[in-house]
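J.: Give me coordinates for this.
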Amino acid sequence: MTDDDDKDLFGEPIKRKPVEERTRSRRDDPPTSKAAARKSMFSISDKQKIVEEEFKRHPKGLTDWKLEDILGSHGSTWRTRRDELSDPKWFNPPRIVDSGRTRKEPDSENPKNDRIVWILAEYADPYRLKPMPERAATPPAYKTNAHYDKDGHLIHETCARCNSSEHGAPYSIGAHVSKGQLGMWYCFKCWEQVRKKHA
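T.: Sure thing, here's the model as predicted:
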């Protein structure tokens, strides 16, 4: 990385907060909350452990509704814990992923609705993971020219098409970080050409 990597487009220094403060606490939280956020970074809470254990008992996966039904509460507690286990800001790589399948829950309040089936990442079949939309110019999730550094920052410095790092690679196609898809990153010129080709 060069000195310019720590500056924004206008040449001003980029002020970065530690990754744990950006992902686990709010700007206006008291110092005790920020300290707790730092302490809990990369650790799994008791409720997250309960959710993970339930998914281990159901290797074919669970919908959020079924998870809540098994654990005895249809409030947001268990769904939120599952969401955290699926979020790369909490766990990278995520511990629970979208299986690419849906299921109806006949006993739910909306029995006709399709619901996402979530599954432990270790049980996921890479060929059955959620497919990309047909018209999307999204490369497969396993193809990326980006990576995370040791501080958890997403790094994308070199264009995937022309391999130039002169202007960086600030434009992406297929990036959906919350789903673990880092996408392909391009310089502006290449990004425009790839985007037009897939439009």
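J.: what does the domain assignment say about this structure?
T.: What automatic domain parsing lists as the domains of the chain is 3-35, 46-123, 147-198.
J.: can you redo the ones you listed as a markdown table with mean neighbour count?
T.: The C-beta positions use only the backbone N, C-alpha and C, and glycine is treated the same way. Listed next are those as a markdown table, based on neighbours: other C-beta atoms under 10 Å:
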| stretch | mean neighbour count |
| --- | --- |
| domain 3-35 | 12 |
| domain 46-123 | 16 |
| domain 147-198 | 16 |
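J.: and these as JSON lines, adding mean pLDDT?
T.: As requested, the domains of the chain are exported to JSON lines (pLDDT from 0 to 100):
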{"stretch": "domain 3-35", "mean pLDDT": "62"}
{"stretch": "domain 46-123", "mean pLDDT": "87"}
{"stretch": "domain 147-198", "mean pLDDT": "81"}
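J.: and stretch 92-104, how far from the chain's centre?
T.: Distance of stretch 92-104 from the chain centroid (C-alpha atoms, centre = their mean, to the nearest Å) equals 11 Å.
J.: With only the CA atoms kept, save that stretch in PDB.
T.: Backbone C-alpha positions of stretch 92-104 (Å, rounded to 0.1, in the frame of the first residue of the first chain) are rendered in PDB as follows:
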ATOM      1  CA  ASN A  92     -15.700 -13.900   8.400                       C
ATOM      2  CA  PRO A  93     -16.300 -16.300   6.800                       C
ATOM      3  CA  PRO A  94     -19.900 -16.500   8.000                       C
ATOM      4  CA  ARG A  95     -20.900 -19.500  10.100                       C
ATOM      5  CA  ILE A  96     -24.400 -19.800   8.600                       C
ATOM      6  CA  VAL A  97     -25.200 -19.200   4.900                       C
ATOM      7  CA  ASP A  98     -28.200 -19.100   2.600                       C
ATOM      8  CA  SER A  99     -28.600 -22.700   1.200                       C
ATOM      9  CA  GLY A 100     -30.100 -21.400  -2.000                       C
ATOM     10  CA  ARG A 101     -33.300 -23.300  -1.200                       C
ATOM     11  CA  THR A 102     -36.700 -22.100   0.200                       C
ATOM     12  CA  ARG A 103     -39.400 -23.900   2.200                       C
ATOM     13  CA  LYS A 104     -43.000 -23.100   3.100                       C
END
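J.: the longest strand in the chain is where?
T.: With residue count as the measure and DSSP state E as the assignment, the chain has strand 96-104 as its longest strand.
J.: Parallel or antiparallel, list what pairs with that one.
T.: When pairing is defined by DSSP bridges, strand 96-104 lines up against strand 114-120 (antiparallel).
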